[in-house]
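**Student:** I would like the atomic coordinates for the input below:
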Amino acid sequence: MKNILEFLEESTSNYGDKIAIIEEEKKISYKELLDNSMRIGSGLIKYTDTRKPIPVLMEKGIECVCTFLGSAYAGCFYSLLNPDLPATRLQSILNVLEAEIIVTDNEHMELANSIVSNQKVLNINKLREEEINENKLNEIKEQALENDPLYVNFTSGSTGTPKGVVVCHKTVIDFINRFTKTFNITEKDIIGNQAPFDFDVSVKDIYSSLKTGATLVIIPKKLFSRPAELIDYIDENNVTTLIWAVSALCLITTFHGLDYKTPKTVNKVMFSGEVMPLKHIKQWIEHLPDATFVNLYGPTEITCNCAYHIVDKSLNYEKQIPIGKAFENEMVFLLDKDNNEIIDTNLVGEICVKGTALALGYYNNKEQSDKAFVQNPLNKFYRDIIYKTGDLGYYDENGELNYSGRKDFQIKHMGHRIELEEIEKTLETFDNVSRACCVYNHEKSKLYCYYIGDIESKELKGMIKEKLPIFMIPNKLEQVNEFPMTKNGKIDRKKLCVN
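**Tutor:** Numbers count the residues shown, from 1 in each chain. Sure thing, here's the model as predicted:
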């Protein structure tokens, strides 16, 4: 298997009339999903060549998945432009992609026209009316390679420019095959999607469904501020599998949603993105004692996840839940500051990953790609690329890997990876701000920003909202006269007051 579309075609062959995706009142069968995707692909080939980016500006939903798959049929790769992002950030992403076209819907046509420079704006409704050009689509698929890009997901960039992680068909196929086998995801499952489609947690939702013939239920975004309605929705749709960010699971327990009702069909709960607070996972286990709970770990650059730990309900996990062990066909290991491998217990080193799961690099950014994807220092004999995550970890007494924080100033906040330097650089573009410094309180999961300037924090916060997505807005902005400095002349972040 070399193309992700084989998942769709095989499931359509086996479960053609079955509902593939549910989006509130909308539903689409596997046959309809295949038909729509092929029509969109047939339309796209009129406007672009193969192996080109297809920016998709729309809310997550059935049409969005059809466009993703249509992009693959056209021999191209997709990149979701989240309409909730500020226009300036969307433009930055378009600048990196250098795309020829952009696909959107009626709802976001005005926004699309306002952010494009020389891209042609295509309407999804028109593309869905195209006649299927089977000959051309088959020709494209025959010429496709397994390492052709499937999607580009953008993360925060320390230079102030978003970084687009390029992931190919082969790595998604390999990962999803292992993922669904490891956790016994089958055609009987109903997967409740929480993650935005520009966040790689959603890759597990979408492609696990397509691989197995399961049904994907796209949970409305608005319900994640209404825990009781959220539980009702999960229950009404008979959801069996939750592959969610830690923060989403904690939302339910924080507001005692499980005390209101325990979802009767959920049997698998998987979480990632942040360290799971023990008191929250214990509440989930108390209400769903027969469900399987899994801690997943891995950055976007290694295709979703590289390690996992199935929670042992007989253990207290006094410190934290381990990252666990590597997925099959992936190698996860630790290097010290001198690039020597760490094998002893309780010694902290940088978590590194190798194997076929590695992304192709950062799109249109060779410099950052060369920094992140490097030759394995343990191997001098042949080309052996690894990804150094910047995360710190250690082996416990059971030989399992545990997370121990960030090596640099990149943090995980609200389930998203954020470069603190990007927020600082954005603030420093404002005329009334001369310097800015961000720090993160891991215990409180709070993002703080200190700045030197002659502008009130309230006004500054309003300006930031025009430039950055909501998950990058500091929880607290504080004006200071000067920053404490280290003896080396650097800002002493440890001395900044975080309260």
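**Student:** Mind splitting the chain into its structural domains?
**Tutor:** Recorded structural domains for the chain (assignment: automatic domain parsing) are 5-166, 219-407, 410-495.
**Student:** Quick one, which of those gets closest to Ser202.
**Tutor:** Between Ser202 and those, the tightest spacing by CB to CB is seen for domain 5-166, at 7.3 Å. Glycine gets a C-beta too; all of them are placed from N, C-alpha and C.
**Student:** What's the end-to-end length of that closest one?
**Tutor:** The first and final residues of domain 5-166 sit 18 Å from each other (CA to CA, to the nearest Å).
**Student:** Give the rounded mean pLDDT of that domain.
**Tutor:** Mean pLDDT, taken over the full extent of domain 5-166, equals 96.
**Student:** Save the domains of the chain as TSV, and put in mean neighbour count and distance to Thr180 too.
**Tutor:** Putting these into TSV (neighbours: other CB atoms under 10 Å; distance: least, CB to CB, whole Å) gives the following:
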stretch	mean neighbour count	distance to Thr180
domain 5-166	19	10
domain 219-407	18	10
domain 410-495	16	22
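**Student:** Mind checking these for the one nearest to Thr182?
**Tutor:** Smallest distance to Thr182 across these (CB to CB): 7.0 Å, for domain 219-407.
**Student:** before we move on, back to that, can you redo the domains of the chain as a markdown table with distance to Ser208?
**Tutor:** Written out in a markdown table, the entries for those read as follows (distance: least, CB to CB, whole Å):
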| stretch | distance to Ser208 |
| --- | --- |
| domain 5-166 | 9 |
| domain 219-407 | 8 |
| domain 410-495 | 19 |
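**Student:** Are we agreed that Asn138 is in a helix?
**Tutor:** Yes: in this structure, Asn138 lies within a helix as judged by DSSP: H, G, I helix; E, B strand; the rest coil.
**Student:** dump the residue contacts of Glu9.
**Tutor:** Shown in contact with Glu9 (CB atoms under 8 Å, 6 or more residues apart in numbering): Leu34.
**Student:** what helix or strand is it on?
**Tutor:** helix 5-15 (DSSP states H and E).
**Student:** Which SSE is immediately downstream of that helix?
**Tutor:** Of the helices and strands lying after helix 5-15 in sequence (DSSP H and E), the nearest is strand 19-23.
**Student:** Each with direction, which strands does that following strand pair with?
**Tutor:** In the sheet containing strand 19-23, its partner strands are strand 26-29 (antiparallel), strand 215-218 (parallel), by DSSP bridges.
**Student:** Compute the inter-axis angle for it and helix 5-15.
**Tutor:** With axes from the mean of the first three to the mean of the last three CA atoms, to 10 degrees as the basis, strand 19-23 and helix 5-15 are set at 110 degrees to each other.
**Student:** where does the stretch 151-300 of the chain have low pLDDT?
**Tutor:** Under the criterion pLDDT under 70, the flagged ranges of the stretch 151-300 of the chain are 157-160.
**Student:** The stretch 351-499 of the chain too?
**Tutor:** Low-confidence segments of the stretch 351-499 of the chain, defined by pLDDT under 70: 409, 485-490, 497-499.
**Student:** repeat that for 50
**Tutor:** Low-confidence segments of the stretch 351-499 of the chain, defined by pLDDT under 50: 487-489.
**Student:** ranges for the helices of it?
**Tutor:** Taking DSSP state H, counting those that start in this stretch as the criterion, the stretch 351-499 of the chain carries its helices at 366-372, 420-427, 457-465.
**Student:** can you redo the strands paired with strand 19-23 as a markdown table with distance to Asp259?
**Tutor:** Written out in a markdown table, the entries for the strands paired with strand 19-23 read as follows (distance: least, CB to CB, whole Å):
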| stretch | distance to Asp259 |
| --- | --- |
| strand 26-29 | 31 |
| strand 215-218 | 23 |
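**Student:** Can you check which of the ones you listed gets nearest to Asp396?
**Tutor:** In terms of CB to CB, the element of those nearest to Asp396 is strand 215-218, at 35.5 Å.
**Student:** what residues are up against Phe154?
**Tutor:** Phe154 makes contacts with 79, 93, 96, 162-165, 198, as judged by CB under 8 Å, 6+ apart.
**Student:** where does it fall, helix, sheet strand or coil?
**Tutor:** When the structure is split into helix, strand and coil by three-state DSSP, Phe154 lands in strand.
**Student:** for it, which residues make a bridge with it?
**Tutor:** Taking DSSP bridges, one obtains Gly164 as the residues bridged to Phe154.
**Student:** Could you verify my assumption that Ile190 touches Gly213?
**Tutor:** No: with contact defined as CB atoms under 8 Å, Ile190 does not reach Gly213; the gap is 11.4 Å.
**Student:** Stretch 305-320: end-to-end distance?
**Tutor:** By CA to CA, one end of stretch 305-320 lies 19 Å from the other end.
**Student:** quick one: contacts of it?
**Tutor:** Counting by CB under 8 Å, 6+ apart, the neighbours of stretch 305-320 from elsewhere in the structure are 175, 179, 182, 204, 272, 275-276, 278, 281, 285, 289, 292-298, 321-327, 330, 332, 353, 355, 357, 400-403.
**Student:** who touches the spatially closest residue to Asp35 that is not a sequence neighbour in this structure?
**Tutor:** Taking CB to CB, 6 or more residues apart in numbering as the measure, Asp35 lies nearest to Ile132, with 7.5 Å between them; neighbours along the chain are not counted. Neighbouring residues of Ile132 by CB under 8 Å, 6+ apart: 35, 38-39, 42.
**Student:** same thing but 7 Å
**Tutor:** Under the criterion of CB atoms under 7 Å, 6 or more residues apart in numbering, the contact list for Ile132 reads 38-39, 42.
**Student:** Going by distance to Leu347, which of those residues wins?
**Tutor:** Distances from Leu347 to the contacts of Ile132, taken as CB to CB, are shortest for Met38 (53.2 Å).
**Student:** Please settle this for me: is that closest one part of a strand?
**Tutor:** No: Met38 sits outside any strand when classified using three-state DSSP, being helix.
**Student:** and it, what does it touch?
**Tutor:** 73, 132, 137.
**Student:** Can you tell me how far the first one is from Tyr362?
**Tutor:** The reference is to Tyr73. In this structure, Tyr73 and Tyr362 are separated by 25 Å, where distance is defined by CB to CB, to the nearest Å.
**Student:** what's the answer for the second one, then?
**Tutor:** Ile132 sits 34 Å away from Tyr362, taking CB to CB as the criterion.
**Student:** cool, Lys407 as well?
**Tutor:** Looking at Lys407 against Tyr362, where the rule is CB to CB, the gap reads 18 Å.
**Student:** for Asn106, same thing?
**Tutor:** 33 Å.
**Student:** isn't Gly70 right up against Leu44?
**Tutor:** Yes: with the criterion set as CB atoms under 7 Å, Gly70 and Leu44 qualify as a contacting pair; they are 6.1 Å apart.
**Student:** Now for these two: what residues contact both?
**Tutor:** Leu127.
**Student:** circling back: relative to Gly462, which of the contacts of Phe154 is nearest.
**Tutor:** Pro162 (22.0 Å).
**Student:** so what's Arg435 closest to, chain neighbours aside?
**Tutor:** In space, Arg435 comes closest to Ile452 once its chain neighbours are excluded; the distance is 4.4 Å by CB to CB, 6+ apart.
**Student:** correction: Leu401
**Tutor:** In space, and not counting its chain neighbours, Leu401 is closest to Ile323: 4.3 Å by CB to CB, 6+ apart.
**Student:** OK, contacts around that neighbour?
**Tutor:** For Ile323, the set of contacting residues under the criterion of CB under 7 Å, 6+ apart consists of 295, 297, 307, 309, 393, 401-403.
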